[in-house]
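Asks: sequence plus the predicted model coming up.
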Amino acid sequence: MTPSLLDPAPPVSPRLRRGFAPPAASSRPARGIAMKRIFLHAMLILLALLTLVPFIYMGLAALKDNDGNASNLFLPTDPHQFLGIAWNHFTLDNYKNLFRKENLHAQYINSFFYASMTSLAATLACAMGGYALAVYNFKGRALVTNILLAAFIVPAAMLLAPAYQLLHHMSLLDTFTGLILPAIAPPFGIYLFHRAISTGVPREMLEAARIDGCHEIRIFFTIALPLVRPMISAFLMITFLACWNDFIRPQVILQSPSNFTLAVAVAQLKDIYSQDYGMLMAGTMISVLPVMALFLLLQKEFIAGLTSGAVKG
């Protein structure tokens, strides 16, 4: 039976009449989510501290003399000194000897020149190659893309001997030209720019530029490259870090000590019969600090470049 407006209102519960509110929703789900977040952050902090242990060891070893490095792993101890730490074992002589005796100034400049020139040349070449594969429809385009993907499975060490022989016939051994040329068109970089341009550059914009009379080189530099700027920043950083830390190719191609990069020069600090761990750790520290600072300054651009094109729209 349908209730009418003239029907009396239903009786009110005595609990509500006395001012009692209905029971509140349980807070157990929210409390469980908070506990999961606390556990997750605790695990992340623990893992972050574990990753910092090698850097702490390297920094302390670079500031200790040979006796301090031989006696203790981290801090040298002495109960008769302040805080129980043997402060007399700390010294800056390791850094001074690096630049006075070993003369690492030239190797520092060599590493910066090699990393910067290779990263700039490789970024430009890979952007051009990726643009051609993404924009132009030519015969054999699918074959070139498949060959590019197949090149990923070839280890770089397998190409070292053929590259050495080719550079020997071209008289490019012990030169930075022979070190930079084989690294300016990596398949990984071409594929990255191919995907970034395919998803990030509208074809309508390119066609409108062609209709307005813009030539292809100008379209590439003024329209395509600005749209994939995050990928350019990310690839520049990846290439710079890889070249700065590169050891195998400079060790094989460069033969004069004056042409050595910093990674090769630091490896030469290791003697046959004795090792100065303090100087070795100091050399490693000065080789790590520039790339660490670069990554910390540009990490947002690095992440944005790697994630560009991951989601359309």
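Replies: Nice, I can see it. What you are looking at is a predicted structure, and each value in this text was computed from that prediction instead of being measured.

Asks: mind listing the helices for the stretch 51-200 of the chain?
Replies: Under the criterion DSSP state H, counting those that start in this stretch, helices of the stretch 51-200 of the chain are mapped to 66-71, 93-100, 105-135, 141-150, 160-169, 176-180, 187-200.

Asks: how far away is Leu241 from Phe176?
Replies: Going from Leu241 to Phe176 by Cβ to Cβ, to the nearest Å gives 18 Å. For glycine as for every other residue, the C-beta is placed from the backbone atoms N, C-alpha and C.

Asks: again with Ile211
Replies: Ile211 is 44 Å from Phe176, where distance means Cβ to Cβ.

Asks: what of Pro187?
Replies: 23 Å.

Asks: next one: Ala265
Replies: 15 Å.

Asks: tell me who's in contact with Tyr108.
Replies: Each residue near Tyr108 by Cβ atoms under 8 Å, 6 or more residues apart in numbering is listed here: Leu262, Ile286.

Asks: one step back: who has more neighbours out of Ile211 and Phe176?
Replies: In this view Ile211 and Phe176 are compared by other Cβ atoms under 10 Å, and Phe176 has more residues nearby, 18 against 8.

Asks: shaky segments in the stretch 51-200 of the chain?
Replies: 76-84, 86, 102 (pLDDT under 70).

Asks: next, count neighbours for Leu120.
Replies: As a burial measure, Leu120 scores 15 neighbours (other Cβ under 10 Å).

Asks: tell me which element the residue most central in space within the chain is part of?
Replies: Residue closest to the average C-alpha location in the chain (Cα atoms, centre = their mean): Ile238, at 5.3 Å. Element membership of Ile238 [criterion: DSSP states H and E] is helix 229-244.

Asks: which is the next helix or strand following that helix?
Replies: Following helix 229-244 in sequence order, the next helix or strand is helix 248-253 (DSSP H and E).

Asks: centre of the chain versus that next one, how much separation?
Replies: Helix 248-253 sits 22 Å away from the centroid of its parent chain (Cα atoms, centre = their mean, to the nearest Å).
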